[in-house]
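Asks: have a look at this fold, sequence not included:
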């Protein structure tokens, strides 16, 4: 009996969003009297950082600092429509809607500033710090706050914009089944190293190293966060988590966190992640979806590494010690393999 | 059933409440004292989200009857910052991106504080051990472990200065 090492590779093309119903999301942007840009959505931030990235996108598009943007979201009774936070679609779909809404709001902001400064709106630019000035003449300037006040109390204008994302519907060709299920794809490659105990069937993940092509990392620290969290989730899916270990039999199904297994802080491998950027032509500032693929690419890499280590091909998740051990014994002619 | 009086100190302030016999500390903290920073994840002591300190010892507030803390001193996540200044542990969690959904964060930070109060220079294994009773679903633990190690270094510098 021994501990055997193996290395496995996976490569993934990951669609951003989906095709169903055009996958629409909408956004509304308006300025308050004092120049705070409120982005109204019904998209939910699950902790992945949607509010932060949406703030960045609106601030960048209008040309104001992020602290002048306020995200008002997650009330589906009152917010504009969003299909939801899933399918790695948030940054791309909702981001696109915000770019469109923010551009419309920006145009009104510039018209009002142009009236106030008695210049042409096309000669103006926002400095990203809260002021608007004439290109090449920064002293000819008005603050965003003054512009918003003027819009409300002098010009009777609303500095606002509407935005939406909707993908062109793609129906399968009847002859071939060919279709376009998504508008852009992110890419992933993971290499896993494992050690398998041939006596117990237990698998230890030693390292997970990945390269992720994400279009553009709008917030690199949060992309890194997704990569590390996703790597852990991938190990968890690959080796631990199940609600029905003997599906469809409910026997031994976990009923609490004592029995529902997940890797703990002592079960971490060495993590490594590289971010590659090839901007998507239809993404907000080039971004694609990064979230889910970070949890998916580790799974086949770990399965392949187990095969490399002990010659056992397990094709159902999670890859439990029982399945690995049955596979080892079957290879030796001692036992029928587990499904 | 008659309610019973409970008097204890929470984050340095005296609290006096009448509670149902058997009411859990987590419920009293959240519902009576409005200290909602303490999270309740499982109500059965397996997730660690409700971790607080009683007289410097880590306990799970979802399994501790409030009557048990009579006369004792409780520190919750709201008591970790001093005078509005974040503790180095909280600062390290923020700058190290060691939070995502935030549900485990309060328990993690309280567990980290108990560790660093007792052991200012822990090894990585000691940090892992200290948070092994706390479940996190988002971060993969790695950023949390790194944040606690960097907070420990920060606290040692602050102490020696």
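Replies: Good, I have the coordinates. In this text the structure is predicted, and so the values were computed from the model without any measurement.
Asks: going forward, measure contacts and count neighbours with C-alpha atoms only.
Replies: OK.
Asks: show residues contacting stretch A:59-67.
Replies: A:55-56, A:58, A:68-69, A:99, A:102-103, A:105-106, A:126-131 (C-alpha atoms under 8 Å, 6 or more residues apart in numbering or on different chains).
Asks: what ranges do the strands span in chain A?
Replies: Using DSSP state E, the strands found in chain A span residues A:3-15, A:25-31, A:37-40, A:69-72, A:124-126, A:131-134, A:137-143, A:160-165, A:185-197, A:203-213, A:270-276.
Asks: and the contacts of stretch A:59-67, which of them are buried?
Replies: Buried members of the contacts of stretch A:59-67, counted by 16 or more other C-alpha atoms under 10 Å in any protein chain shown: A:55-56, A:58, A:68-69, A:99, A:102-103, A:105-106, A:126-127, A:130-131.
Asks: helices of chain B, start to end?
Replies: Along chain B, counting by DSSP state H, helices occupy B:25-27, B:88-95, B:105-118, B:124-130, B:142-160.
Asks: now render those as a markdown table, adding mean pLDDT.
Replies: What follows is those, written out as a markdown table (pLDDT from 0 to 100):
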| stretch | mean pLDDT |
| --- | --- |
| helix B:25-27 | 98 |
| helix B:88-95 | 97 |
| helix B:105-118 | 97 |
| helix B:124-130 | 98 |
| helix B:142-160 | 94 |
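Asks: now tabulate those in TSV and tack on mean neighbour count.
Replies: Shown next, in TSV, are those (neighbours: other C-alpha atoms under 10 Å in any protein chain shown):
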stretch	mean neighbour count
helix B:25-27	23
helix B:88-95	20
helix B:105-118	23
helix B:124-130	17
helix B:142-160	18
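Asks: nearest to residue A:49, of these?
Replies: Minimum separation from residue A:49 across the helices of chain B (C-alpha to C-alpha) falls at helix B:88-95, 12.9 Å.
Asks: report pLDDT for residue A:339.
Replies: In this model, residue A:339 is scored at 54, pLDDT.
Asks: I'd guessed residue A:91 sits against residue A:53; true?
Replies: Yes. With contact defined as C-alpha atoms under 8 Å, residue A:91 counts as touching residue A:53 (7.2 Å).
Asks: of these two, which one has the most company?
Replies: residue A:91 (27 against 18; other C-alpha atoms under 10 Å in any protein chain shown).
Asks: gap between the more buried one and chain B?
Replies: Going from residue A:91 to chain B by C-alpha to the nearest C-alpha, to the nearest Å gives 16 Å.
Asks: contacts only, for that residue.
Replies: A:50, A:53, A:54, A:284, A:287, A:288, A:289.
Asks: what pLDDT does the second one get?
Replies: What it means is residue A:53. Here the pLDDT value assigned to residue A:53 is 97.
Asks: which residues does residue A:298 contact?
Replies: If a contact means C-alpha under 8 Å, 6+ apart, then residue A:298 has A:10, A:190, A:191, A:192, A:208, A:231, A:234, A:235, A:238 as its contacts.
Asks: for the second one, give me its contacts.
Replies: Taking C-alpha under 8 Å, 6+ apart as the definition of contact, the neighbours of residue A:190 are A:9, A:10, A:11, A:208, A:209, A:210, A:211, A:297, A:298, A:301.
Asks: and for residue B:40?
Replies: Per C-alpha under 8 Å, 6+ apart, neighbours of residue B:40: B:26, B:49, B:50, B:62.
Asks: one step back: of the contacts of residue A:91, which is the nearest to residue B:13?
Replies: Nearest to residue B:13, judged by C-alpha to C-alpha, of the contacts of residue A:91 is residue A:50 at 37.2 Å.
Asks: is it true that the closest one touches residue A:90?
Replies: Yes. Here residue A:50 reaches residue A:90: they are 7.0 Å apart, a contact under C-alpha under 8 Å.
Asks: relative to chain B, how far out is residue A:284?
Replies: Residue A:284 is 23 Å from chain B, by C-alpha to the nearest C-alpha.
Asks: list the contacts of whichever residue of chain B sits closest to chain A.
Replies: Nearest residue of chain B to chain A: residue B:101, at 3.7 Å (C-alpha to the nearest C-alpha). The neighbours of residue B:101, taking C-alpha under 8 Å, 6+ apart as the test, are A:46, A:47, A:48, B:138.
Asks: residues contacting the closest residue to chain B within the stretch 151-300 of chain A?
Replies: Nearest residue of the stretch 151-300 of chain A to chain B, counting by C-alpha to the nearest C-alpha: residue A:229, 4.2 Å away. Contacts for residue A:229 (C-alpha under 8 Å, 6+ apart) come out as A:295, B:138, B:139, B:140, B:141.
Asks: what residue ranges in chain A score low on pLDDT?
Replies: A:336-339 (pLDDT under 70).
Asks: can you list contacts of the helix ranked longest in it?
Replies: The single longest helix within chain A, with elements called by DSSP H, is helix A:95-117. Helix A:95-117 is touched from outside by A:25-31, A:39, A:54, A:57-58, A:61-62, A:120-121, A:124-125, A:132, A:140-142, A:147-148, A:150-151, A:155, A:158-165, A:283-284, with contacts defined as C-alpha under 8 Å, 6+ apart.
Asks: any idea how chain A splits into domains?
Replies: Using automatic domain parsing, the domain parsing of chain A gives A:3-15+A:184-331, A:20-165.
Asks: can you redo those as JSON lines, where the extra columns are distance to residue A:173?
Replies: Shown next, in JSON lines, are those (distance: least, C-alpha to C-alpha, whole Å):
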{"stretch": "domain A:3-15+A:184-331", "distance to residue A:173": "20"}
{"stretch": "domain A:20-165", "distance to residue A:173": "16"}
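Asks: residue contacts, the residue lying closest to residue B:121 once chain neighbours are set aside?
Replies: In this structure, residue B:121 finds its nearest non-sequential neighbour in residue B:152, 6.3 Å apart by C-alpha to C-alpha, 6 or more residues apart in numbering or on different chains. Residue B:152 sits next to B:88, B:89, B:116, B:120, B:121, B:122 when contact means C-alpha under 8 Å, 6+ apart.
Asks: cool, residue A:235 as well?
Replies: A:205, A:263, A:298, A:299, A:302.
Asks: got the contact list for the second one?
Replies: Residues in contact with residue A:263 (C-alpha under 8 Å, 6+ apart) are A:232, A:235, A:236, A:240.
Asks: before we move on, what about the first one?
Replies: Taking C-alpha under 8 Å, 6+ apart as the contact definition, residue A:205 lies against A:192, A:193, A:194, A:195, A:235, A:268, A:269, A:302.
Asks: please identify the most buried of the strands of chain A.
Replies: strand A:25-31 (a mean of 26; mean count of other C-alpha atoms under 10 Å in any protein chain shown).
Asks: quick one, grab the pLDDT at residue B:16.
Replies: Confidence score, pLDDT, at residue B:16: 97.
Asks: the nearest residue to it once chain neighbours are set aside: neighbouring residues, count only.
Replies: Ranked by C-alpha to C-alpha, 6+ apart and with sequence neighbours excluded, the top spatial neighbour of residue B:16 is residue B:7, at 4.4 Å. Residue B:7 has 17 neighbours, counted by other C-alpha under 10 Å.
Asks: was I right about residue B:7 contacting residue B:28?
Replies: No. If you go by C-alpha under 8 Å, residue B:7 and residue B:28 don't touch, sitting 11.7 Å apart.
Asks: picking up where we left off before, out of the strands of chain A, which is closest to residue B:43?
Replies: strand A:203-213 (30.8 Å).
Asks: ok, that closest one: who's next to it in the sheet?
Replies: Within its sheet, strand A:203-213 is paired with strand A:185-197 (antiparallel), strand A:270-276 (parallel), according to DSSP bridges.
Asks: make JSON lines out of the ones you listed and add distance to residue B:80.
Replies: Formatted as JSON lines, the strands paired with strand A:203-213 follow (distance: least, C-alpha to C-alpha, whole Å):
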{"stretch": "strand A:185-197", "distance to residue B:80": "39"}
{"stretch": "strand A:270-276", "distance to residue B:80": "31"}
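Asks: before I go, just wanted to say thanks for your time.
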